[in-house]
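Colleague: Sequence and computational prediction follow.
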Amino acid sequence: MPGARPPNRRIGPVTTLYDILVLLHLLFMAALIGGYFVAATQRSGINTVMVWGARLQLLTGLALMGVAIADDLDVNHTKLGIKLLIALAVVALAEISAGKQKRGAANPTLVHIAGVLALVNVVIAVFV
Ligand code: HEM
């Protein structure tokens, strides 16, 4: 959510916490999207990096939203609501794919839908 933090805001513990959460959010996005690129190009099925990337992306996103609301930042609730719904779908699809794969019934389509939805969330994060 670009611009959530006014540029002249004083540096304090909450700002630092928020920045650390943004850093983690970006690292887990790298894991989620990177894991998807590996799964898609190697046709190797879903991998642990993608599943954990999805879980932790959701958690850090929720934490960011919580801190932003608690700190009275200018929060775009519609944007975050849509991102939350998409992230929940990504986690659900990743979990179902991993479960199916474990039982020997891998479903590449579900992995692709999860990956594309994750990419949609990146686009929303940057452009909306
Ligand atoms: C698949 C799931 C997700 C992806 C791929 C994703 C991606 C991103 C990206 C790329 C950014 C940085 C954008 C920028 O600073 O221009 C970002 C920021 C952010 N995301 Fe997410 N996100 C996801 C889920 C969520 C969820 C579920 C929430 C909360 C409901 C959330 C809340 C936020 C917030 C508050 C920021 C603002 C950081 C700032 O101050 O700029 N994200 N997200």
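Modeller: That came through, no problem.

Colleague: which residues in the chain form strands?
Modeller: Counting by DSSP state E, the chain forms no strands at all.

Colleague: all helices of it, in order?
Modeller: Remark: helices assigned in the chain by DSSP state H are 13-42, 48-70, 77-102, 108-127.

Colleague: how about the ones you listed in CSV, adding mean pLDDT and mean neighbour count?
Modeller: (Glycine included, C-beta is placed from N, CA and C.) CSV is the format used below for the helices of the chain (pLDDT from 0 to 100; neighbours: other Cβ atoms under 10 Å):
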stretch, mean pLDDT, mean neighbour count
helix 13-42, 97, 16
helix 48-70, 98, 18
helix 77-102, 98, 17
helix 108-127, 98, 16
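
Colleague: quick one: which of those is nearest the ligand?
Modeller: helix 48-70 (2.3 Å; Cβ to the nearest ligand atom).

Colleague: any idea of the angle that closest one forms with helix 108-127?
Modeller: Computed by axes from the mean of the first three to the mean of the last three Cα atoms, to 10 degrees, the angle separating helix 48-70 from helix 108-127 equals 30 degrees.

Colleague: Just want the angle from helix 48-70 to helix 13-42.
Modeller: Relative orientation of helix 48-70 versus helix 13-42 (the same axes, to 10 degrees): 150 degrees.

Colleague: Find the residue at the geometric middle of the chain.
Modeller: Closest residue to the average C-alpha location of the chain: residue 57 at 3.5 Å, with Cα atoms, centre = their mean.

Colleague: Next up, the contacts around it.
Modeller: Going by Cβ atoms under 8 Å, 6 or more residues apart in numbering, residue 57 touches 25, 28-29, 31-32, 87, 90, 118.

Colleague: would CSV of those with distance to residue 81 be doable?
Modeller: Below are the contacts of residue 57 laid out as CSV (distance: Cβ to Cβ, whole Å):
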residue, distance to residue 81
25, 17
28, 20
29, 19
31, 24
32, 20
87, 11
90, 15
118, 17
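
Colleague: Near the ligand, list only the ones from those.
Modeller: 25, 29, 87, 90, 118 (Cβ under 6 Å from any ligand atom).

Colleague: Number of residues surrounding the nearest residue to residue 79 once chain neighbours are set aside?
Modeller: Using Cβ to Cβ, 6 or more residues apart in numbering and skipping the chain neighbours, the partner closest in space to residue 79 is residue 128 (5.0 Å). Counted by other Cβ atoms under 10 Å, the residues lying close to residue 128 total 13.
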